[in-house]
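[1] only geometry, no sequence info:
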Ligand SMILES: [Zn+2]
């Protein structure tokens with residue numbers, strides 16, 4: 001039974017391998033992944049099949065891009081390369097050797113893959129994306145594009161703003177089920193990981209691993225938008241990437 005937890009590997013990378021699916025997450029040690037040079041170095045260290053990853057113009061929504069078919073298939077345009085990034089918050093692909101990614105800092109990086117490695121996806125979800133239903137939408141898209149049933153999918157949620165630190169006001173709290181909220185000292189904290197797990201379970205997934213690592217109090221390892229107030233040298237972005245081995 002393959003593990004669906006990310007594991008630490010050399011040079012500040014976290015990895016997850018399941019069949020032919022390769023998932024990679026960069027930590028602060030590898031630098032700000034909005035910088036193409038640092039991103040390329042990290043992908044080279046990770047053994048990615050391409051020099052750079054296809055990225056998105058992330059908008060905290062539920063839009064997805066499906067990269068389908070072999071690389072030689074002209075009917076399937078090669079999106080997300082060359083600085084032309086579609087507005088969306090996640091990828092699904094069954095194309096061997098195509099590296100796709102999202103960047104995060106506090107929001108959840110979520111990887112979903114078919115157990116035998118036929119297709120996989122990576123998604124960016126903060127509270128807005130979760131409220132919009134991006135994860136349920138992703139599970140539907142696996143069925144629509146690839147004929148994959150929810151019960152054949154596995155998922156892993158990477159480091160994110162944890163319930164220990166992610167304080168929210170009533171305007172955000174009221175959008176989520178009580179089971180995803182933690183009350184402490186008169187304040188409300190949103191457990192994004194628990195919410196993601198619940199949404200994926202509701203969509204029919206049986207196996208969902210959630211990283212216990214918090215990006216806000218894990219300053220030594222992770223960039224955090226919330227902790228740094230959106231500014232300064234510690235306010236970078238981490239890359240959540242995946243590809244299918246050929
Ligand atoms: Zn924390």
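    That came through fine. As the structure is a prediction and not an experimental result, all values here were calculated from the model.

[2] and residue 194, what does it touch?
    If you count contacts by CB atoms under 8 Å, 6 or more residues apart in numbering, residue 194 has them with 163, 179, 180, 210. To be clear about C-beta, it is placed using only N, CA and C from the backbone, and glycine gets the same treatment.

[3] Residues of this protein that sit close to the ion?
    162, 164, 165, 214, 216, 217 (CB under 5 Å from the ion).

[4] neighbours of residue 81, just the number please.
    15 (other CB atoms under 10 Å).

[5] Could you tell me the per-residue confidence at it?
    The model reports residue 81 with a pLDDT of 70.

[6] you'd agree it is in a helix?
    No. Residue 81: not assigned to a helix; according to DSSP: H, G, I helix; E, B strand; the rest coil it is coil.

[7] For the ion, see how far away it is.
    According to CB to the ion, to the nearest Å, residue 81 and the ion sit 35 Å apart.

[8] swap in residue 46?
    26 Å.

[9] Now the closest residue to that residue other than its chain neighbours: which helix or strand?
    Spatially, and ignoring its direct neighbours in sequence, residue 46 is nearest to residue 24 (4.5 Å; CB to CB, 6 or more residues apart in numbering). Per DSSP states H and E: residue 24 is located in strand 21-26.

[10] any idea of the mean pLDDT for that strand?
    The model assigns strand 21-26 a mean pLDDT of 97.

[11] Quick check, central residue of this protein?
    residue 109 (2.3 Å; CA atoms, centre = their mean).

[12] which SSE is it in?
    Going by DSSP H and E, residue 109 is in strand 108-114.

[13] tell me what that strand is packed against?
    Counting contacts by 3 or more CB pairs under 8 Å, 6 or more residues apart in numbering; DSSP states H and E, strand 108-114 is packed against strand 21-26, strand 120-125, helix 134-146, strand 153-157, helix 192-202, strand 238-244.

[14] Quick one: low-confidence residue ranges for the protein.
    1-3, 71-78, 82-83, 233-234 (pLDDT under 70).

[15] if we can go back for a sec, could you list the paired strands of the strand holding residue 109 along with their orientation?
    Here strand 108-114 is paired, per DSSP bridges, with strand 120-125 (antiparallel), strand 153-157 (antiparallel).
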